[in-house]
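Undergrad: give the three-dimensional model of this entry:
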Amino acid sequence: MSHIDMLILGAYGLAAIAVGRDTRALSWLAVSAVVALSTALYVRHGFGNAAFVSALVDGGVCLLIYAFGRHMWEMLVWRFYQTFVLIHLIFLASVHQLAPVVDPLIYGVSLELLNILVALTIGGAGLMQRLGHDGLRDSAWRPLRPLVRLVRQKRTHPPFWAPAE
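TA: A predicted model of the protein is given here:
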């Protein structure tokens, strides 16, 4: 494992500490950490079609979040996973000369930054849910109340197969 992989796993670990006992956030953190670790190991060992396999795995997580996500922060993580899939597909098109050449360094760095953003989003949402309105009674924290309401807000559009509420 490289130093970057350790940094990303550390970000997921810190996010898990910030989340506390929120089982939804912990489950998405675990899924994201396992996906990040497994795709990094797949790439590091030099197996074939790493970008394709990573796109499939990230697409699967994207579908999981779409199906089971209930809060607005989960939909933001869903958007991040859509971006993961898009980056993989752009890189695949570049490898197969269907698009302009994408530098593998830019490809890797963009994926690592997205992994850190996912960890920060889930950890921040869990921390905001942990604080709640009671933790923001002090006047210095009062401007954060709308953010907490947004984080705790329910999802506005259910999956297409679920009946509207």
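
Undergrad: helices and strands around the helix or strand harbouring residue 114, which ones?
TA: For residue 114, the enclosing helix or strand under DSSP states H and E is helix 104-131. Contacts defined by 3 or more C-beta pairs under 8 Å, 6 or more residues apart in numbering; DSSP states H and E place helix 104-131 against helix 3-19, helix 23-44, helix 72-95, helix 145-152. For the C-beta atoms, the positions are set from N, CA and C on the backbone; glycine is no exception.

Undergrad: out of these, which is closest to residue 52?
TA: helix 72-95 (6.1 Å; C-beta to C-beta).

Undergrad: which secondary structure elements does the closest one sit against?
TA: By 3+ C-beta pairs under 8 Å, 6+ apart, helix 72-95 packs against helix 23-44, helix 50-68, helix 104-131, helix 145-152.

Undergrad: export the ones you listed to JSON lines and tack on mean neighbour count?
TA: Listed next are the helices and strands packed on helix 72-95 as JSON lines, based on neighbours: other C-beta atoms under 10 Å:
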{"stretch": "helix 23-44", "mean neighbour count": "18"}
{"stretch": "helix 50-68", "mean neighbour count": "17"}
{"stretch": "helix 104-131", "mean neighbour count": "18"}
{"stretch": "helix 145-152", "mean neighbour count": "14"}
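
Undergrad: so which residue is dead centre in this structure?
TA: Taking C-alpha atoms, centre = their mean, the centroid of the chain lies closest to residue 118, which sits 3.2 Å from it.

Undergrad: how about that one, what does it touch?
TA: Residue 118 makes contact with 32, 77, 80-81 under the criterion C-beta atoms under 8 Å, 6 or more residues apart in numbering.

Undergrad: make TSV out of those residues and add pLDDT and distance to residue 5.
TA: Formatted as TSV, the contacts of residue 118 follow (pLDDT from 0 to 100; distance: C-beta to C-beta, whole Å):
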residue	pLDDT	distance to residue 5
32	95	13
77	94	20
80	96	18
81	97	19
